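S.K.: Task: produce atomic coordinates for the following.
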Amino acid sequence: MTSDNLARLDGRSTRSGKLEQLGTAALLLSWLLLNWTTLNWLIQTAQEISLFNQAMLLAGVALLVIQGVRHRQQFRVSTVPILRWGPLLLLVSSAIGTIVTRWVLILEQVPIVLALLSAYGLLGLFLDSATWRKGLPIGAAIALILPFGVQFTSGLGFPARILTAHVVEFLLKTWNVAALSSEDIIVLDTGIAQVDFPCSGLRSLWTGTLFLLTVTWLERRRFGLRWLMVFVANLGILAFANVARVLTMVLLVQVWNQPALADMLHMPLGVIAFIAACGFTLGLLRWVPRSQAAQSRGDRDDSKLISNSTFPFLLAACLLALTLVPHPPAPTVPDVTKLHWSIAAQLQTIPLTPVEQRFFATHPGVVVHKQRFDYQGSTGSILLVASPSLQVHHAPELCLIGSGFHLDHIAPQQFAAGPLTRWLSLNDKTHTAVYWFQSPNQTTGDFLTRFWQEASRQQSSWTLVSILFDQFHSADDPTLQVLVADIYRSLGQTLQKS
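M.R.: The predicted structure follows:
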């Protein structure tokens, strides 16, 4: 071979190497552009958590880095992406899922999970197949730990408490125990049961999922249809165990009047229920076959389907195409300060209490308006809270109880004018309250309905209407009916204009 031929081969090799590096850079940049908004939320949220949680997060990252350095000889890393169908499927499906969830769900943690899973799929294009499959449970565990670890009490935690309260309410009614769930409380004739964050069941679902992933990795169980069925069964068992625990607590405290016994059994019941659920899951996991340690020839041969210089550019083009999908429009918040009453009521704008001012100040974009009214001798106050976020809205009975009112009775009430509300009797029938949530196309007094309508983007902007009367009015009182009907119609007109 002449020197000219050698020079040509060296030139082609140099150009090919530069082209592969350019393709790798294009692929990484396109993935970063696609997930920038999601990762930015994660970074900002991580900065707001406590110092202890930040230290734990950094310790976890440091542990992964140390383990990677210690076992670096076991990793066969390619400097350019290689077509492997497993990582490619995870990367593309997670990327598409991230776009879809932006339009169908308002839950920040779900896009984060998908973005982290797509990151592990991207990593699999540079790792050998055997190492990537072995670390898949760890990658899935990290994808679950990060989004819910940095902001655990929001997102799914609140609706989990609401759903738990509704399920317990349904079970109590089947046993002829009168109960009504409102936000994360259960109202019975004997008192109010609070379904607080430890009772939501989300932490047990999260920890139980990590347990399943850890055992899957330790026992080298194969991911597939059987494992997916075990995963779904695991979630169902954990949810059932938590509902049974909350139901037992409510029965002990509110029905059988045994608060001391409930305090004694609260923690043991939770631990026993979780251990029992994990035991069932461990037994079901035996049904899942173990994965093969040897790498198949197909995993080595599939990289030849598309050349290394072409594959990263094609994949980068696909990811960049997904970045062109627009984000859903931000919900509009109506200006409820300009609500016009049609009835001849004397109105006076009143300031928020210091507690209300501090609470609403932490949520930008919220429009709050409070008025004092006098209509035909019936007096009281009305609070309007227009917000695109569920975190701002609350069950008014909790605020009333916190302000010193005694809750006699609460019931759903369908008014002739249209709104489905909640009617409350207070302080031995000396005061009355009515509240509901209103969107341009729907009204409800139920928190779970309001949450699902927002989370599924069916109704994205809601206004809380909370009316407190200085007198007692039955649900069919004509004065009450006229006031509710007028506010409902006036707010409906404002919402339609926004």
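S.K.: Any stretches of the stretch 51-200 of the chain with poor pLDDT?
M.R.: Where the stretch 51-200 of the chain drops to pLDDT under 70, the residues are 52-54, 56-57, 60-61, 63-64, 67-75, 148-159, 181-185, 187-200.
S.K.: Would you map the strands across it?
M.R.: When assigned using DSSP state E, counting those that start in this stretch, the strands of the stretch 51-200 of the chain occupy the ranges 179-182, 185-188, 191-194.
S.K.: Then the stretch 301-450 of the chain?
M.R.: Residue ranges of the strands in the stretch 301-450 of the chain, as given by DSSP E, counting those that start in this stretch, are 346-349, 367-375, 378-387, 407-414, 420-426, 431-439, 442-444.
S.K.: Ok, which of the ones you listed comes nearest residue 231?
M.R.: Taking Cβ to Cβ, strand 442-444 is the member of these nearest to residue 231, at 32.9 Å. From N, CA and C alone the C-beta is placed, and that goes for glycine too.
S.K.: Relative to that closest one, what are the paired strands and their orientations?
M.R.: Take DSSP bridges as the rule and strand 442-444 pairs in its sheet with strand 431-439 (antiparallel).
S.K.: Between strand 420-426 and the strand it pairs with, find me the angle.
M.R.: Between strand 431-439 and strand 420-426, the angle formed by their directions is 160 degrees, by axes from the mean of the first three to the mean of the last three Cα atoms, to 10 degrees.
S.K.: Run the chain-centre distance for strand 431-439.
M.R.: Here strand 431-439 shows a centroid-to-chain-centroid distance of 26 Å under the convention Cα atoms, centre = their mean, to the nearest Å.
S.K.: what does it contact?
M.R.: The contact list for strand 431-439, computed with Cβ atoms under 8 Å, 6 or more residues apart in numbering, reads 393, 396-397, 400, 405, 413, 419-426, 443-445, 450, 453, 459, 461-473, 480, 484, 488, 491-492, 495.
S.K.: could you check the angle strand 378-387 makes with it?
M.R.: 30 degrees.
S.K.: okay, now the domains of the chain?
M.R.: For the chain, automatic domain parsing gives the domain ranges 1-128+303-328, 153-294, 336-497.
S.K.: Residue 136 is nearest to which of those?
M.R.: It's domain 153-294; of these, that one is closest to residue 136 (Cβ to Cβ) at 6.5 Å.
S.K.: now that closest one, how far from the centre of its chain.
M.R.: On the basis of Cα atoms, centre = their mean, domain 153-294 is displaced by 17 Å from the centre of the chain it belongs to.
S.K.: cool, and stretch 384-404?
M.R.: Going by Cα atoms, centre = their mean, where stretch 384-404 is centred and where its chain is centred differ by 20 Å.
S.K.: Likewise for stretch 391-410?
M.R.: Here the centre of mass of C-alpha atoms in stretch 391-410, compared against the chain's by Cα atoms, centre = their mean, lies 25 Å away.
S.K.: Would you reformat the domains of the chain as a markdown table and include distance to residue 143 and mean neighbour count?
M.R.: Listed next are the domains of the chain as a markdown table, based on distance: least, Cβ to Cβ, whole Å; neighbours: other Cβ atoms under 10 Å:
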| stretch | distance to residue 143 | mean neighbour count |
| --- | --- | --- |
| domain 1-128+303-328 | 4 | 15 |
| domain 153-294 | 10 | 17 |
| domain 336-497 | 20 | 17 |
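S.K.: Let's have those domains in a markdown table, adding distance to residue 134.
M.R.: Formatted as a markdown table, the domains of the chain follow (distance: least, Cβ to Cβ, whole Å):
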| stretch | distance to residue 134 |
| --- | --- |
| domain 1-128+303-328 | 9 |
| domain 153-294 | 8 |
| domain 336-497 | 36 |
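S.K.: which one of the ones you listed lies closest to residue 146?
M.R.: Between residue 146 and the domains of the chain, the shortest gap by Cβ to Cβ is with domain 1-128+303-328, which sits at 6.3 Å.
S.K.: which residues sit in contact with the residue nearest to residue 86 when sequence neighbours are not counted?
M.R.: The shortest distance from residue 86 to any residue other than its chain neighbours is 6.5 Å, reached at residue 124 (Cβ to Cβ, 6 or more residues apart in numbering). Taking Cβ under 8 Å, 6+ apart as the criterion, residue 124 is in contact with 84, 86, 87, 88, 90, 91, 132.
S.K.: ditto for residue 318
M.R.: When contacts are counted by Cβ under 8 Å, 6+ apart, residue 318 is found next to residue 92.
S.K.: Residue 142: which of the domains of the chain is closest?
M.R.: Residue 142 lies closest, by Cβ to Cβ, to one member of those: domain 1-128+303-328, at 6.5 Å.
S.K.: how much distance is there from the closest one to the middle of the chain?
M.R.: From the chain centre to the centre of domain 1-128+303-328 is a distance of 25 Å (Cα atoms, centre = their mean).
S.K.: Out of the domains of the chain, the one nearest residue 138 is which?
M.R.: The minimum distance between residue 138 and these falls on domain 153-294, with 6.2 Å, by Cβ to Cβ.
S.K.: distance of the residue nearest to residue 86 from residue 245?
M.R.: Here the criterion is Cβ to Cβ, to the nearest Å. By it, residue 124 lies 39 Å from residue 245.
S.K.: Likewise for residue 316?
M.R.: Going from residue 316 to residue 245 by Cβ to Cβ gives 49 Å.
S.K.: same check, this time on residue 444
M.R.: When distance is defined by Cβ to Cβ, residue 444 is 29 Å away from residue 245.
S.K.: One more: residue 37?
M.R.: The spacing between residue 37 and residue 245, counted by Cβ to Cβ, is 38 Å.
S.K.: So in terms of bridging, what pairs with residue 424?
M.R.: Using DSSP bridges, the bridge partners assigned to residue 424 are residue 410, residue 433.
S.K.: Verify the contact between it and residue 399 for me.
M.R.: No. Applying Cβ atoms under 8 Å, one finds residue 424 not in contact with residue 399, separated by 11.5 Å.
S.K.: Could I get the phi/psi values of the closest residue to residue 126 other than its chain neighbours?
M.R.: The spatial neighbour of residue 126 that comes closest, neighbours along the chain excluded (Cβ to Cβ, 6+ apart), is residue 78 at 5.1 Å. According to degrees, to the nearest 10, the main-chain angles of residue 78 amount to phi -90, psi 140.
S.K.: which ones are touching residue 78?
M.R.: Under the criterion of Cβ under 8 Å, 6+ apart, the contact partners of residue 78 comprise 125, 126, 127.
S.K.: Could you do residue 445 as well?
M.R.: With contacts taken as Cβ under 8 Å, 6+ apart, residue 445 has the following neighbours: 412, 413, 420, 421, 422, 435, 436, 437.
S.K.: For the nearest residue to it once chain neighbours are set aside, give its distance to residue 176.
M.R.: By the measure of Cβ to Cβ, 6+ apart, the closest residue to residue 445 outside its immediate chain neighbours is residue 422, 3.8 Å from it. As for residue 422, its distance to residue 176 is 22 Å (criterion: Cβ to Cβ).
S.K.: give me every residue that touches the nearest residue to residue 351 once chain neighbours are set aside.
M.R.: Beyond its immediate neighbours in the sequence, the residue positioned closest to residue 351 (Cβ to Cβ, 6+ apart) is residue 370, lying 7.3 Å away. Listed by Cβ under 8 Å, 6+ apart, the contact set of residue 370 reads 349, 350, 351, 352, 356, 381, 382, 383, 384.
S.K.: Run through the bridge partners of residue 370.
M.R.: For residue 370, the residues forming beta bridges with it (DSSP bridges) are residue 383.
S.K.: do the same with the one 5 residues further on
M.R.: Per DSSP bridges, the residues bridged to residue 375 are residue 378.
S.K.: Settle this for me: it is touching residue 343, isn't it.
M.R.: Yes. Assessed by Cβ under 8 Å, residue 375 is found in contact with residue 343 at 6.4 Å.
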